[in-house]
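[1] show me how the following folds:
(one chain, ligands or ions: 1)
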Amino acid sequence: MWKKIKDWIELRIGLDELVRTQLREYRVPKNINIFYTLGFVAVVAYVIQALTGFFLLVYYVPQSEHAFRSVQDIMTKVPYGWLFRQMHVVGSNLMVIVLILHLLAVLFMGSYKKPRELTWTSGGLMLATVFLFCLSGFLLPWSQLSYWATTIVTTMPTAFPYVGDFVANILRGGDYISGSTLNRFFALHVALLPPILVTLIGFHLFLIRRIGISSSPFGEAIEEAEPWVGYRHEQYQGQPFFPHFFLKEIFMCMVYFVVMFFFITFMPTFFVPDDANIQADPLRTPTHIRPEWYFLAPYQMLKLIPNKFLGISVQVIFVTVFLLWPFIDTKEKKNILKRPFLLGVILCCLALWTVLTIWGRY
Ligand code: HEM
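    Numbering: from 1, shown residues only. Predicted structure coming up:
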C-alpha cells in the first residue's frame, strides 16, 4: 500500500529525484565554516516569526481601543499565549542580530563578489524589509513604549525637505500616531511585508542554488586557484550538503533556540520592559523615550548633526553604498586580511555604529 502511494507520488512529482539532486548530490565547498550557516538560521528564524505571528493573530484585535487589552489577554489568559508572544518578540530581535552577523560574515569572506552581486543586493533589501517588519510590529501592542518609540522613528523622515513631511504623513496616516497608524502598520505587518519577504527569500535562495556557495578565502584555497569561469558548482568536489553541512546548520539553529529560551526564561523583561505594559497615552510623554536598539545609531546621528537635511543625506548615501557595494568593490581579492585599508574602513564603520548605539541608549 505504502509503495503504491510512493510510486503514485513519484510518477507525478519525482520526489526521489528532487531529494537526490537537491540534497544528496548537492555539494558545498570543503572549507566553509560555521559562519556560512547563518543564512539558514535566518530562514528558520523567519519561519518561527511567521508561525508565532499566526497564533498571536488569532487573539489580537487591531483597533486602538482594544489592541492593548488583547495583547494583555494573550499574556495572561490565553493558554501559552505568553510563550508565543515572548517567542515572537525575542525572535524579532534575535533575527535582526542573526542578519547582522550573516551580513558581516558575507562581507568579511568577500562572498558578495562576482557573480554574487544580486545575492548581496537582494539580502540588503531583505534587511530593509525586516526593519519595516520590526517598525510596524512594534506599534501593534499599543503600549506607551510602542507609541512613543514609533513617534520618534516616524519623525525621522521629516528631516527631508519637501517630501519628508509627506512621507511621514503617509506612514502615520496623519500628523501624529493614531488609530489610523495602527491600521496601516497592521496591514503592512500581516498583509504586505510577508509576501515581499518570502519572494525576496525565494530569489536569494534561487541565486545561491544557481551559483553555489562561495568557498572561504581563509584556510584551504579552492576557488582562488583559478579564475571564475561559469556555473560549475555542480561539478566540483566539495563536501555533500546533506547530511554533512546540513547537520552544522541544524546545530546552529539549536544554538539560536537556546539563546531565545534563555531570554524567555531568565530575562523575560529584557525585550518587554515596564513601559510595554502601560497602555499608550498620547497626552503623557514618558521621561525616557528612544527607538528600538537597531534604530538608535541613525537616530543619534540625526540628533548630533545640527543640519537635519545633511544628517539624513549622509544616511541615504550610506544605505545606497551598502546596497550597491558589490558593484563598487569590484576587486577580485576576497581575503580581507590582505586589504588593510578596506578592513580599517569597515572596522571604523562598525565602531561608529556601536558608539552611536550606546550613546543613543544612554
Ligand atoms: C531574511 C534575510 C536573509 C536570509 C533568509 C538569507 C539566507 C541566506 C542563505 C540560506 C544563504 C546560504 C549560505 C549562508 O548561509 O551563508 C545566504 C547566503 C548569502 N547571503 Fe543571505 N540571507 C538573508 C539576508 C542577507 C543579507 C542582509 C545579505 C547582505 C546584504 C545577504 C547576502 C548573502 C550573500 C552574498 C550570500 C552568498 C554567500 C556565499 O555564497 O558564500 N543575505 N543567505
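[2] and the closest residue to residue 129 other than its chain neighbours, what does it touch?
    Of all residues not flanking residue 129 in the chain, residue 197 sits nearest, at 4.9 Å (CB to CB, 6 or more residues apart in numbering). All C-beta spots, glycine's among them, are computed from the backbone N, C-alpha and C. Neighbouring residues of residue 197 by CB atoms under 8 Å, 6 or more residues apart in numbering: 46, 126, 129-130, 133.
[3] and residue 86, how far is that from residue 264?
    Separation of residue 86 from residue 264 (CB to CB, to the nearest Å): 5 Å.
[4] relative to residue 359, which of the contacts of residue 197 is nearest.
    Nearest to residue 359 among those is residue 130, at 23.8 Å by CB to CB.
[5] what is the helix or strand containing that closest one packed up against?
    Assigning secondary structure by DSSP states H and E places residue 130 in helix 117-139. Contact here means 3 or more CB pairs under 8 Å, 6 or more residues apart in numbering; DSSP states H and E; on that basis helix 117-139 packs against helix 81-109, helix 144-155, helix 179-187, helix 193-211, helix 308-323, helix 325-328.
[6] show me what the helix or strand that the last one is followed by is in contact with.
    Reading on from helix 325-328 to the C-terminus, the next helix or strand found by DSSP H and E is helix 340-361. Identification of contacts with helix 340-361 by CB under 8 Å, 6+ apart yields 104, 107-108, 290-291, 293, 296-301, 303, 329, 336-337.
[7] related to what we said a few turns ago, return only those of the contacts of residue 197 found close to the ligand.
    Contacts with the ligand within the contacts of residue 197, as defined by CB under 6 Å from any ligand atom: 46, 126, 130.
[8] residue 67: which of those is nearest?
    Set against residue 67, the nearest of these by CB to CB is residue 130 (22.3 Å).
[9] low-scoring stretches of the stretch 101-250 of the chain, by residue?
    220-237 (pLDDT under 70).
[10] which one of the contacts of helix 340-361 is nearest to the ligand?
    Looking at these and their distance to the ligand, the nearest is residue 107, at 7.6 Å (CB to the nearest ligand atom).
[11] how near is the residue lying closest to the closest one once chain neighbours are set aside to the ligand?
    Nearest residue to residue 107, sequence neighbours excluded (CB to CB, 6+ apart): residue 346, at 6.7 Å. Shown here: residue 346 relative to the ligand, a distance of 13 Å by CB to the nearest ligand atom, to the nearest Å.
[12] what's the burial count for residue 346?
    Around residue 346 there are 15 other residues, counting by other CB atoms under 10 Å.
[13] re the thing from before, can I get the buried part of the contacts of helix 340-361 as one ChimeraX selection?
    Buried subset of the contacts of helix 340-361, written as a ChimeraX selection, criterion 16 or more other CB atoms under 10 Å:
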select :107,108,290,291,296,297,298,299,300,301,336
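[14] what two of the contacts of helix 340-361 have the greatest distance between them?
    The distance between the two most remote of the contacts of helix 340-361 (CB to CB) is 36.7 Å, for 290 and 337.
[15] give the rounded mean pLDDT of stretch 80-88.
    The average pLDDT within stretch 80-88 is 98.
[16] next one: stretch 44-55
    Mean per-residue pLDDT for stretch 44-55: 98.
[17] what sits up against it?
    81, 84-85, 87-88, 91-92, 94-95, 98, 133, 190, 194, 197, 201, 253, 256.
[18] convert the C-alpha atoms of that stretch to CSV, please.
    Extracted C-alpha coordinates of stretch 44-55, given in CSV (Å, rounded to 0.1, in the frame of the first residue of the first chain):
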residue,chain,number,x,y,z
VAL,A,44,14.4,29.3,10.3
ALA,A,45,14.1,32.5,12.4
TYR,A,46,11.6,33.9,9.9
VAL,A,47,9.6,30.6,9.9
ILE,A,48,9.3,30.9,13.7
GLN,A,49,8.2,34.5,13.4
ALA,A,50,5.5,33.6,10.8
LEU,A,51,4.2,30.7,13.0
THR,A,52,4.1,32.5,16.3
GLY,A,53,2.7,35.6,14.5
PHE,A,54,-0.1,33.5,13.2
PHE,A,55,-1.1,32.3,16.7
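[19] buried ones in that stretch?
    Residues of stretch 44-55 classed as buried: 44-46, 48-49, 52-53, 55 (neighbour count, 16+ other CB under 10 Å).
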